[in-house]
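Visitor: generate a structure from the sequence data that follows.
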Amino acid sequence: MDQVREVLRYHHYAYRIEQTYCQWILHYIRFCGGNTHPRELTFKDVERFLSDLAVRCEVSVSTQRQVLNALVFHYRNVLDISLEGEIQPVRSKRQPNLSTVLGTEEIKLFFRQIVGTHALMAKILCGSGLRLMECVRLRIKDVDFDHKRIRILGKGDKWRSTILAEPIMPEFCAHINISCFMIFFCYILP
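Guide: You can find the predicted model right below:
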């Protein structure tokens, strides 16, 4: 697995992709018995594994495709083996995409249950439409209080801009002031 990680990093794959690919490759090895090296397995084993995921585990179409990509990457880039033949696993069935939306009372109940930094993060996610990791990586210099905008480094290292919800601005300012004070305080005292 160290070699897989090394090749993924060489090709500049994201850390989350690295984790996911390694997880699926290990899952595949365990599925095939755990004692057999992937170099000794064939495309029929890959096909059997992907079919099992679709039938028994009922994974989604995108998950099955991601697993296939992980295994093809492993064989092609790490083991230098071409998967001969065309892989024809049982395909996952696309489920209707019904999104779950919380009602007004459920949202109020949710925000009553969380406090502190997590509550502020949830308010930013809801009010400004950020993704979770965009919120986690948010920096002070990315927030423009004068124009009520947030500049976000999103997926694919692309910048975008979104609104800063006005109701959370006072809480956001207070959080920034406390954070800056704590950083300043930590540097002053030995």
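Visitor: tally of neighbours for the residue lying closest to M1 once chain neighbours are set aside?
Guide: Distances taken as Cβ to Cβ, 6 or more residues apart in numbering place C22 nearest to M1, at 5.6 Å, with adjacent residues excluded. For glycine as for every other residue, the C-beta is placed from the backbone atoms N, C-alpha and C. When neighbours are counted by other Cβ atoms under 10 Å, C22 registers 17.
Visitor: got a pLDDT number for C22?
Guide: In this model, C22 is scored at 90, pLDDT.
Visitor: surely it meets V7?
Guide: No. Counting by Cβ atoms under 8 Å, C22 does not reach V7; the two are 11.0 Å apart.
Visitor: picking up where we left off before, check which helix or strand covers the residue nearest to M1.
Guide: In the assignment (DSSP states H and E), C22 maps to helix 15-31.
Visitor: and that helix, what other elements does it pack with?
Guide: Helix 15-31 sits against helix 2-10, helix 43-55, helix 61-73, with contacts defined as 3 or more Cβ pairs under 8 Å, 6 or more residues apart in numbering; DSSP states H and E.
Visitor: worst average pLDDT in those helices?
Guide: The minimum mean pLDDT among these belongs to helix 43-55 (a mean of 84).
Visitor: name the SS class of R151, please.
Guide: Secondary structure, DSSP: H, G, I helix; E, B strand; the rest coil: R151 is strand.
Visitor: surely T162 is in a strand?
Guide: Yes. Assignment of T162 by three-state DSSP places it within a strand.
Visitor: so what's the residue count around it?
Guide: Per other Cβ under 10 Å, the neighbour tally for T162 reads 16.
Visitor: that one and R131 touch, don't they?
Guide: No. Counting by Cβ under 8 Å, R131 is not a contact partner of T162; they are 10.7 Å apart.
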